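**Q** Sharing a sequence plus its predicted fold:
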Number of protein chains: 2
Amino acid sequence: MLKAMSKPSSKKCRHTGCPIAFTLDVLGDRWTLLIIRDLIFMGKRYYGEFLESGEGIATNVLADRLSRLESEGIVSKRVDPKDQKKYLYQLTDKGEDLLPVVLELILWGATYDPKTAAPKAFIDRLKSDRAAVIKETLAQLRAKKPKESK
Amino acid sequence: MLKAMSKPSSKKCRHTGCPIAFTLDVLGDRWTLLIIRDLIFMGKRYYGEFLESGEGIATNVLADRLSRLESEGIVSKRVDPKDQKKYLYQLTDKGEDLLPVVLELILWGATYDPKTAAPKAFIDRLKSDRAAVIKETLAQLRAKKPKESK
DNA sequence: TTGACTACTTGCAATATGCAAGTTATTGCG
DNA sequence: CGCAATAACTTGCATATTGCAAGTAGTCAA
């Protein structure tokens, strides 16, 4: 039963004030950031799309993480205006602010994974002009949002 | 039994090539990054010091994470030259390269945690001159290392 | 030889995860 | 209207990981 599933790593109040601990309480598990990756770079927005992410997240875990992200205000959920029978998941501004974190994960991974599939051009660009990459990525992301995004 | 404890989130080969997934395979759990935080910002270097980190990591989990970090080449372990009966844990260059990731976690946490204890001066500095903060932090870190660090 | 100190290891109950199999709610037809 | 199809979850259960309390091993100093 997952109803009472506590955070992957924060069952008790750990309000130590440490910003790192605070952040890890929200996304300190494997799946959360992969969902955010899909939202930012893969253009995924539906439950079914997240399930097909190659990495193989379990449906119950996906449902748990999405609802957690929603209650944290990182992701918003609403009926898809183009298709009433689907739900649209999108990053909020708070969620978009995680982009710098994700970019650093990419940089480290691309540097140390001998089999990385990260496009060299992107990595080089990221190293030489981080600010521009952030700006462009957010612009692309926002361009895709149906109407009011926030 | 923790002997065969697999990575917190990578039991099977997920060599998809995705740099984010690669990085999360290494530090995609709550504790790993807190240990790295302690190494970078708290000046901790001994097993016993990590245990007292306020957040309350379990001894078995600490042992597991340290050995994992060591086998990943992120942390080095050796007998303390100043006290033969203690082991000294230190970040390798690969581990130090995680500093940018940690800094972004700090930034996001300090921004969204209403009760953050992050010093405003540090956060402001981080926002205005990231490169300098990285440089200084690494310099301080290296100054503490006994002899050869790498 | 013993006691203190550090770094772990072990056992076990409580949690969380992975997987397969339902359930519920909306259309889209005939 | 009635029914199949689609999307989004929920539920059960076996397995894996965690948290906690205790126990063990190696080093040093008196």
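**A** Structure's in. What do you need?
**Q** I'd like the next helix or strand past the longest strand anywhere in chain A.
**A** Criterion DSSP state E: the longest strand present in chain A is strand A:83-91. Sequence order places helix A:93-96 as the next helix or strand after strand A:83-91, per DSSP states H and E.
**Q** Flag every buried residue along that next one.
**A** By 16 or more other CB atoms under 10 Å in any protein chain shown, the buried positions in helix A:93-96 come out as A:94-96. (C-beta placed from N, C-alpha, C; glycine too.)
**Q** before we move on, back to that, the longest strand of chain A close to chain B?
**A** No. Judged by CB under 8 Å from any CB of the partner chain, strand A:83-91 stays clear of chain B, getting no closer than 13.1 Å.
**Q** Not counting that strand itself, show me its contacts.
**A** Outside strand A:83-91, the residues that touch it by CB atoms under 8 Å, 6 or more residues apart in numbering or on different chains are A:36, A:39-40, A:45-47, A:50, A:66, A:74-81, A:98, A:141, A:145-146, A:149.
**Q** Now the residue nearest the centre of chain A. Nearest residue, chain neighbours left out?
**A** Centroid-nearest residue in chain A, with CA atoms, centre = their mean: residue A:36, separated by 1.0 Å. Distances taken as CB to CB, 6 or more residues apart in numbering or on different chains put residue A:98 closest to residue A:36, at 5.8 Å, once the chain neighbours are dropped.
**Q** how close does the one you found sit to residue B:117?
**A** Taking CB to CB, to the nearest Å as the measure, residue A:98 falls 21 Å from residue B:117.
**Q** Same check on residue A:111?
**A** 31 Å.
**Q** Buried among the contacts of strand A:83-91? Need that as a selection in PyMOL.
**A** Those of those that meet the burial criterion (16+ other CB under 10 Å) are gathered into one PyMOL selection, given here:
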select buried, chain A and resi 36+39+40+45+47+50+66+74+75+76+98+141
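**Q** partners of the longest strand of chain A, with directions?
**A** As defined by DSSP bridges, the strand partners of strand A:83-91 come to strand A:75-80 (antiparallel).
**Q** domain ranges for chain A?
**A** For chain A, automatic domain parsing gives the domain ranges A:19-92, A:98-144.
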